[in-house]
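Peer 1: sequence-free structure coming up:
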């Protein structure tokens, strides 16, 4: 039987992850709509970044808190399922996802802050230098994102698989965990294909993101409820 303290931790961390991630995602989507491309006017792009920086900054903080909540969630799930190799994999996967997610947000926030702070008043040549430096950081950010998708997908997969075998959670919740893992895998695969030069329409990525956001909200809400009802 899971300790009541772990029950409360699991419920709170699951709901925190779902709520913070959704609010952060909505906020960053709202403030990012209309960002002009870097080509052909890099100065216009950076000017827009400076205008929306406060909103971006707050969204990064929300995502940081959401990713950090995966650590206690992984611990609570390990206690819920009972100590075993597979439950340790649940915890390890969510721990790795949390670490990579936090680093992803820190690097992204630092990169955006540099643009917002240092791009004003620069000459065209200096802007190009700043843009070249930012592109390097963008590569790092992209790979941190891929790492988060990988380990978050593994965490949800093992959660669903163990729950199905133990019948310790509602069957629908268990299958949503497995489906979420598949969505993470599809998102990761689409990014890898783009890395390899395979042209994919932007609608594919948008559809995967929309499905992932919807499932994440349902999963986190249901998971928190299920963990909170354990006696």
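Peer 2: Cool, the structure landed. Fair warning: this is a prediction, and the values are worked out from it, not measured in the lab. Residues are numbered from 1 along each chain as shown.
Peer 1: can you pull out the strands in this protein?
Peer 2: Assigned by DSSP state E, the strands in the chain number zero.
Peer 1: Helices along that one, start to end?
Peer 2: For the chain, applying DSSP state H gives helices covering 4-32, 42-68, 70-81, 85-118, 124-166, 171-195, 202-228.
Peer 1: Need the winner for burial among those helices.
Peer 2: Of all those, helix 70-81 has the most neighbours on average by mean count of other Cβ atoms under 10 Å, namely a mean of 24. Every C-beta, even on glycine, is put in place using the N, C-alpha and C of the backbone.
Peer 1: Need the helices of the chain in TSV (columns: mean pLDDT).
Peer 2: Output for those, formatted as TSV (pLDDT from 0 to 100):
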stretch	mean pLDDT
helix 4-32	90
helix 42-68	88
helix 70-81	95
helix 85-118	90
helix 124-166	86
helix 171-195	91
helix 202-228	84
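Peer 1: List the contacts of the residue nearest to residue 185 when sequence neighbours are not counted.
Peer 2: Using Cβ to Cβ, 6 or more residues apart in numbering and skipping residues adjacent in sequence, the residue nearest residue 185 is residue 153, 5.4 Å away. Residues near residue 153 by Cβ atoms under 8 Å, 6 or more residues apart in numbering: 180-181, 183-185, 188.
Peer 1: how about the residues you listed in TSV, adding distance to residue 56?
Peer 2: Formatted as TSV, the contacts of residue 153 follow (distance: Cβ to Cβ, whole Å):
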residue	distance to residue 56
180	26
181	29
183	25
184	24
185	28
188	24
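Peer 1: List just the nearest of those to residue 101.
Peer 2: residue 184 (12.4 Å; Cβ to Cβ).
Peer 1: so how far is residue 218 from the residue lying closest to the closest one once chain neighbours are set aside?
Peer 2: Of all residues not flanking residue 184 in the chain, residue 153 sits nearest, at 3.0 Å (Cβ to Cβ, 6+ apart). According to Cβ to Cβ, to the nearest Å, residue 153 and residue 218 sit 16 Å apart.
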